[in-house]
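Student: I need the structure of the sequence given here:
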Amino acid sequence: MPDQNIESLLSDMLQWLAREPHSYRESIEVWRTSCPRLQVWEEAFERGFVARSVRADGLEAVSVTRSGQSFLDTRCAAA
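Tutor: Residues are numbered from 1 along each chain as shown. As a prediction, this is how the structure comes out:
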């Protein structure tokens, strides 16, 4: 059974990213954690829920992948 705490944090993070574009730097600042048991950022990347890309202005951006959107849709449908 998945850890409900990390599932909720993943959902929160993906909703935040889906609302508007965010730079990689901003995303790391907002969602980093020093607790090794709650590594939501690393978990999102490992599951393929987020992707990094380079914008036209040269800044790295973070976006929700199809897999991440599917995770959100499933969480919303279950709620």
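Student: quick one: the helices in the protein?
Tutor: Across the chain, reading from the start of the chain, the helices by DSSP state H fall at 4-19, 24-31, 40-46, 66-78.
Student: Columns mean neighbour count, mean pLDDT and distance to residue 57 on top of those helices, output as JSON lines?
Tutor: C-beta coordinates here come from the backbone N, C-alpha and C atoms, glycine included. Formatted as JSON lines, the entries for those read as follows, by neighbours: other CB atoms under 10 Å; pLDDT from 0 to 100; distance: least, CB to CB, whole Å:
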{"stretch": "helix 4-19", "mean neighbour count": "16", "mean pLDDT": "90", "distance to residue 57": "18"}
{"stretch": "helix 24-31", "mean neighbour count": "14", "mean pLDDT": "86", "distance to residue 57": "13"}
{"stretch": "helix 40-46", "mean neighbour count": "17", "mean pLDDT": "89", "distance to residue 57": "23"}
{"stretch": "helix 66-78", "mean neighbour count": "13", "mean pLDDT": "90", "distance to residue 57": "24"}
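Student: right, so of these, which gets closest to residue 60?
Tutor: With CB to CB as the criterion, residue 60 lies closest to helix 24-31 of the helices of the chain, at 3.6 Å.
Student: mind exporting the closest one as PDB, just the C-alpha atoms?
Tutor: Output of helix 24-31 as PDB, limited to C-alpha atoms (Å, rounded to 0.1, in the frame of the first residue of the first chain):
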ATOM      1  CA  TYR A  24      13.100  24.500 -12.100                       C
ATOM      2  CA  ARG A  25      14.800  26.800  -9.500                       C
ATOM      3  CA  GLU A  26      11.400  28.000  -8.100                       C
ATOM      4  CA  SER A  27      10.100  24.400  -8.000                       C
ATOM      5  CA  ILE A  28      13.100  23.100  -6.200                       C
ATOM      6  CA  GLU A  29      12.900  25.900  -3.600                       C
ATOM      7  CA  VAL A  30       9.200  25.300  -3.000                       C
ATOM      8  CA  TRP A  31       9.200  21.500  -2.900                       C
END
